[in-house]
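Participant: turn this into a structure:
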Amino acid sequence: MIILAPLHGYTDFIFRNVYSRHYQGIDTSMSPFISMTQGLKGYPIVAKDVNPINNHDMPVIPQLIGNNPEHFIQMADFLRGWDYNQLNWNLGCPMRNIARKKRGSGILPYPDLLREILEKTIPMISQKLSVKIRLGYKDTGEIFEIIKVLNDFPLENITIHPRIGIQMYEGEIHHEVLKEILPIFKHEVIYNGDIFSFEDFLKIKSQYPTIKKWMIGRGIFYNPMLPDKIKGKKIPDSNKARELFKLFILDLYGELQKYKPDQTVVNKIKDLWLLLKKNFVEEEKVFWIISHIHSVQEMKDITLKLIEEEQMIF
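Facilitator: Numbers count the residues shown, from 1 in each chain. The predicted structure follows:
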């Protein structure tokens, strides 16, 4: 099973819907985190990304972030009205402004707080609950106390990104630590982290023969056909792959225009190309060209020209 990772600002419902219309390798997705601090009146706004009206092509699991059991229960009750039967709790976000408030990976040094929140929350929500974690916030040693807590609760699964919070997304992954702790978990473990290519997947998979589910984020943007390749599906030849990518990108541009004003769309597209440029051999050249575009129509015209003329990785 392959799960689309929650990338804030990237994997929103627009991207999820468009992607699943052109590529079929992803089984389900996890939404970028939803804050639980807004109160009941704010929930329809902050949870817009998982509103069923906006989600019709790819299954999605709402991911929540926060540390207040009352807010957690209220949000779960709200999402039950949208027929969601599974939620994910973000215990892995490394952003400092979040972690310093004991949210995301900032909870990991406080196992007693984690236990208290789970004790108050799980009996009061009807949905299955999974968590997404790191190996700690400041030190990998934190994970051992975290496991003791998590093992005491009926969680659906645990997704692990094998870095610590202060690493953000840089530095080496702690594979040896993950190998050590895998047998200790009582729950199914899903792997997440640095699967950017098929070669990356094979290398990581060889280290974790018991793991059967994989969460991929940036790698989907680097090569949208990566999930299909991992699943052993037939990959189209270079010309067909190029045409498929072109249709995907144009569809994405069109959907963005439905929901955002043109200048916002241009800026959003430039952000997306920070990742999408990896589909090209001369990625920095491609991104430089994209970054100097000022209108949506110009963006469409130049993008088509780049896809048709520049060398791509497939």
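Participant: show residues contacting stretch 271-291.
Facilitator: When contacts are defined by C-beta atoms under 8 Å, 6 or more residues apart in numbering, stretch 271-291 is touched by residues 9-10, 15, 196, 218, 221-224, 245, 249, 252, 269-270, 299, 302-303, 306, 310-314. The way it works is simple: take the backbone N, C-alpha and C, and place the C-beta from them, glycine included.
Participant: just how off-centre is it within its chain?
Facilitator: Between the centre of stretch 271-291 and the centre of its chain there are 21 Å (C-alpha atoms, centre = their mean, to the nearest Å).
Participant: kindly report the same for stretch 104-111.
Facilitator: The chain centre lies 20 Å from the centre of stretch 104-111; the measure is C-alpha atoms, centre = their mean.
Participant: pull out the buried residues from that stretch.
Facilitator: Applying a neighbour-count criterion of 16 or more other C-beta atoms under 10 Å, one finds 104-111 buried in stretch 104-111.
Participant: farthest pair within those residues?
Facilitator: Put simply, by C-beta to C-beta the two of these set farthest apart are 104 and 111, 15.3 Å from each other.
Participant: what's around the closest residue to residue 140 other than its chain neighbours, how many residues?
Facilitator: Of all residues beyond its chain neighbours, the one nearest residue 140 is residue 177 (4.8 Å), with distances taken as C-beta to C-beta, 6 or more residues apart in numbering. Burial of residue 177, expressed as a neighbour count using other C-beta atoms under 10 Å, amounts to 19.
Participant: quick check, residue 177 in a strand?
Facilitator: No: with the criterion set as DSSP: H, G, I helix; E, B strand; the rest coil, the secondary structure at residue 177 is helix rather than a strand.
Participant: that one against residue 142, yeah?
Facilitator: No: under the criterion of C-beta atoms under 8 Å, residue 177 lies out of contact with residue 142, with a separation of 10.6 Å.
Participant: mind listing the strands for the stretch 1-150 of the chain?
Facilitator: 2-4, 28-30, 34-35, 60-61, 63-65, 86-91, 128-134 (DSSP state E, counting those that start in this stretch).
Participant: mean confidence for the first one?
Facilitator: For strand 2-4, mean pLDDT rounds to 99.
Participant: adjacent strands (with direction) for that strand?
Facilitator: For strand 2-4, the pairing partners within the sheet under DSSP bridges are strand 28-30 (parallel), strand 214-216 (parallel).
Participant: chain center to the last one, what's the gap?
Facilitator: From the chain centre to the centre of strand 214-216 is a distance of 8 Å (C-alpha atoms, centre = their mean).
Participant: same thing with the first one?
Facilitator: Centroid separation for strand 28-30 versus its chain: 8 Å, with C-alpha atoms, centre = their mean.
Participant: please apply the same query to stretch 189-209.
Facilitator: Centre-to-centre, stretch 189-209 and its host chain are 15 Å apart (C-alpha atoms, centre = their mean).
Participant: so how far does it reach from one end to the other?
Facilitator: The distance separating the two terminal residues of stretch 189-209, taken as C-alpha to C-alpha, to the nearest Å, comes to 12 Å.
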